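Engineer: kindly generate the corresponding structure for this input.
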Amino acid sequence: MTASSLFLEPLDVLFLRGNKLFGDPGSFGEALVPPWPSVAAGAIRSRMLADAGIDVMTFSRGDFCHPTLGTPQKPGSFTVTAFHLARRLQDGRVELLMAPPADLVITAGANGAPEPHTLIPQALFQGKTEASSLEGTAPILSSASLPYLPVLAQPLRRKPLSGYWLTQTGWTAYLTGKTLSSKHLLHSRHLWSIDLRIGVGISDTTGSAAEGRLFSAQAVAFRKRFHSGTASQEETFDTGFVITVQGATPPQKGLVRLGGDGRAAAIEPTTIPCPAPDPSVFVQNQRCRMVLTSPGIFAHGWLPTGAQPDTLRTDGAVRFELHGVSGWIVAAAVPRAETVSGWDLARRHPKPAQRAAAAGSVYWMELDSTTTAAALQELVERGLWKDPCEDDTRRAEGFNRFVFAVF
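Structural biologist: Modelled structure (predicted):
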């Protein structure tokens, strides 16, 4: 299926709100960067409806079925397959910027430069099982349910650093299992700054400012090439987002309303090279890593769709079967769960709050010999959804997306 990619360039500060309530007197609205993919999906779909001259209320009632958007009750073929932070360089090229996955730890080196370190799965018992190729070490008592535990091997313990992003070169190196260095990292202070804004609560009855209802919220000001400051490599690009859409033709120019308060963002068609390794490498090695690139809404909590927690190997590995890809989940690095919700513009009420595995969660898998490269590629394109899909709305919004990486 043909995919179209767009670069979204914010023209104003953005209010990228997370799942925490705000608006009460004294409350604080914290920004979420990058926001959920549903934010970009809503912006693009709203623009498509406006371009088609479709009344939003008519669409929200389900009285009109768009050829690719469908209806709010039954979404069409429109699907967000990728939504990431990105930067546009002076020559016009757009590069992905990815948050470090859960199996990547960044610490300060001896010279103060950031150093990336990769977690390595280690067995919790002595020796090696017949079913696995990973060597074990000394036995360790643990509450981990999987046979291998991701371990950071360091001769000297250092405090992890935060705020760093992988460049597209770094992301490619990570997926292919190559060594990472400080040149593959970029700090968020070079990408955006936070502007604290004061808001006034509005009375539901009068529509005017309500007395004593001041609150504060974070606005995100993305870096631009024309911003003043010391000339450096970090100031030779524009920061924004990249979105990839399948099953529909998104607008190719103009503006969209992005985030809270509908701040303007310009859209520009672009091409994003796919940095994923050749699936045949995973088939040959019979193992891979599965890395979430968007929050995963799964029936079994932290375990991805396709996992069968009631089917365990003798060492505790969890069976995985989905769309022709089968094997065993032997290790996982999953951060604390997050809650995703949002505002349903069509129905004019909040979306249900759902617990999700955070983007960047990593699952190490040992593949069956029956798994083919074509099946792996198809699974990436479909996302971690069953057939029929459990939630067509969240699928269209870009949740449960992932990539395979070398294990």
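Engineer: mind checking what secondary structure the residue nearest the centre of the chain has?
Structural biologist: Centroid-nearest residue in the chain, with C-alpha atoms, centre = their mean: S294, separated by 2.7 Å. When classified by DSSP: H, G, I helix; E, B strand; the rest coil, S294 comes out as coil.
Engineer: now do the contacts for it.
Structural biologist: Contacts for S294 (C-beta atoms under 8 Å, 6 or more residues apart in numbering) come out as W36, P37, F83, A359, G398, F399, N400, R401, F402. In short, each C-beta sits where N, CA and C put it, glycine included.
Engineer: try it again with 6 Å
Structural biologist: By C-beta atoms under 6 Å, 6 or more residues apart in numbering, S294 lies in contact with P37, A359, G398, F399, R401.
Engineer: and the pLDDT at the closest residue to E338 other than its chain neighbours?
Structural biologist: Computed as C-beta to C-beta, 6 or more residues apart in numbering, the closest residue to E338 that is not its neighbour in sequence is A358, at 5.2 Å. At A358, the pLDDT value in this model is 96.
Engineer: can you get me a residue count around A358?
Structural biologist: 19 (other C-beta atoms under 10 Å).
Engineer: and G254, by the same measure?
Structural biologist: G254 has 12 neighbours, counted by other C-beta under 10 Å.
Engineer: now the closest residue to it other than its chain neighbours, what's its secondary structure?
Structural biologist: Leaving out its chain neighbours, the residue that sits closest to G254 by C-beta to C-beta, 6+ apart is I267, at 6.2 Å. Classification of I267 by three-state DSSP places it in strand.
Engineer: if we can go back for a sec, quick one, phi psi at the residue nearest to the centre of the chain?
Structural biologist: Main-chain dihedrals, S294, degrees, to the nearest 10: phi -150, psi 160.
Engineer: how about it, nearest residue that isn't a chain neighbour?
Structural biologist: R401 (4.4 Å).
Engineer: next, the contact list for the one you found, please.
Structural biologist: Per C-beta under 6 Å, 6+ apart, neighbours of R401: T293, S294, G383.
Engineer: in the stretch 301-407 of the chain, where is pLDDT below threshold?
Structural biologist: 346 (pLDDT under 70).
Engineer: now the helices for it?
Structural biologist: Ranges of helices in the stretch 301-407 of the chain, per DSSP state H, counting those that start in this stretch, are 373-382, 392-397.
Engineer: tell me the buried residues in stretch 248-262?
Structural biologist: By neighbour count on 16 or more other C-beta atoms under 10 Å, the buried set for stretch 248-262 is A248, P250, P251, L255, V256, L258, G259, G260.
Engineer: in terms of model confidence, name the weakest of the residues you listed.
Structural biologist: Pick the lowest pLDDT in the buried residues of stretch 248-262 and you get G260, at 84.
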